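Undergrad: Fold the following.
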Amino acid sequence: MDLDLSAVLDNWRFLARGLWLTVLLSACSIVGATVLGLAIGLGRLYGPRLLQGLLAFYVDSMRAVPVLVVLVWTFFALPILTGVTLPPFWAALAALTFHIAAFVSEIVRAGIKSVRPGQTRAALALGMSRAQLLRKVLLPQAVIRMLPSYGSILSVTIKDTAIATVIAVPELMRQSETIAAQTFRPIEVYTTAMILFFLILFPVTRGVDAVYGRAAYLGRS
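TA: Down below sits the predicted model:
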């Protein structure tokens with residue numbers, strides 16, 4: 001078997017556009033899922049009972065349904081129900097955000113609950129409000145404890161962007177499929193795509209581990 005990298009070299013700009021869109025979709029999904037997941041996690045911990053029940057149902061539903069199903073439903077079924085058609089990129093962003101947020105919310109909830117109850121009682125005894133307790137006592141410790149699990153979510157989110165190819169989002173995998181079909185060089189093209197995903201993911205996972213290694217002592221109580 002002879003390797004011919006001309007298929008990759010001749011179409012590197014095409015692949016680069018897909019890589020850029022993968023990075024953009026990943027970053028936007030991570031930010032959106034983090035903000036939404038934090039709100040859901042806090043709502044389940046401190047919200048009224050009815051809200052806690054609704055949020056628990058949402059989290060369990062998202063965790064029980066594959067992200068591909070959420071993506072396809074958002075792109076094909078949502079317009080039928082609402083009359084609003086989302087462009088492929090925005091449909092992928094919405095699906096990934098709402099799906100990943102369910103997992104982030106559980107990380108947030110577990111991180112906050114891992115802080116010893118005695119610290120909560122002590123803070124309330126000192127006259128702190130619930131907001132002050134959360135901001136000054138619970139979250140600073142919980143955020144550090146969340147880092148390992150949150151790092152895994154970052155990796156999953158970046159990898160899940162590849163499924164956006166099924167609704168024709170021109171991200172890295174979609175661009176790779178197009179080049180492979182036109183050049184008949186799937187080994188070279190898909191190996192390049194695999195290497196590019198690795199080059200994105202490896203610094204992210206190592207970076208999170210490095211931060212946690214340096215700051216782990218701040219999460220001890």
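Undergrad: So which residue is smack in the middle of the protein?
TA: For the chain, the residue sitting closest to the mean C-alpha position, by CA atoms, centre = their mean, is residue 157 at 3.7 Å.
Undergrad: Quick check, that residue in contact with residue 32.
TA: No. Using CB atoms under 8 Å, residue 157 makes no contact with residue 32, being 10.0 Å away. In this view, the C-beta of every residue, glycine as well, is placed from N, C-alpha and C.
Undergrad: Need the contact partners of the strand or helix carrying the residue nearest to the centre of the chain.
TA: Here residue 157, judged by DSSP states H and E, is contained in helix 139-160. For helix 139-160, contacts defined as CB atoms under 8 Å, 6 or more residues apart in numbering pick out 22, 26, 29-30, 33, 67, 96, 99-100, 103-104, 107-108, 110-112, 114-115, 197, 200-201, 204-205, 208-209, 211-212, 215-216, 218-221.
Undergrad: Can you give me the buried ones in the longest helix anywhere in the chain?
TA: As assigned by DSSP state H, the longest helix anywhere in the chain is helix 12-46. For helix 12-46, burial by neighbour count (16 or more other CB atoms under 10 Å) applies to 14-15, 18-19, 21-23, 25-26, 28-30, 32-34, 36-45.
Undergrad: Equivalent analysis for stretch 55-62, please.
TA: Those would be 55, 58, 59, 62, for stretch 55-62 by 16+ other CB under 10 Å.
Undergrad: Which member of those residues is positioned nearest residue 79?
TA: residue 62 (20.4 Å; CB to CB).
Undergrad: What separation do you get for the closest one and residue 153?
TA: 13 Å (CB to CB, to the nearest Å).
Undergrad: was I right about residue 70 contacting residue 61?
TA: No. At 9.6 Å, residue 70 does not count as touching residue 61 under the criterion of CB under 8 Å.
Undergrad: returning to what we had before: the buried residues of stretch 55-62 in helices, which ones?
TA: Those of the buried residues of stretch 55-62 lying in helices (DSSP H): 55, 58, 59, 62.
Undergrad: Do you know the pLDDT at residue 90?
TA: On pLDDT, residue 90 comes in at 96.
Undergrad: which residues of the chain score low on pLDDT?
TA: In the predicted model, the chain carries pLDDT under 70 at residues 1, 219-221.
Undergrad: How many residues are close by the residue nearest to residue 163 when sequence neighbours are not counted?
TA: Setting aside the residues directly before and after it, residue 163 is nearest to residue 68 in space (CB to CB, 6 or more residues apart in numbering), at 5.2 Å. Other residues within reach of residue 68, judged by other CB atoms under 10 Å, total 14.
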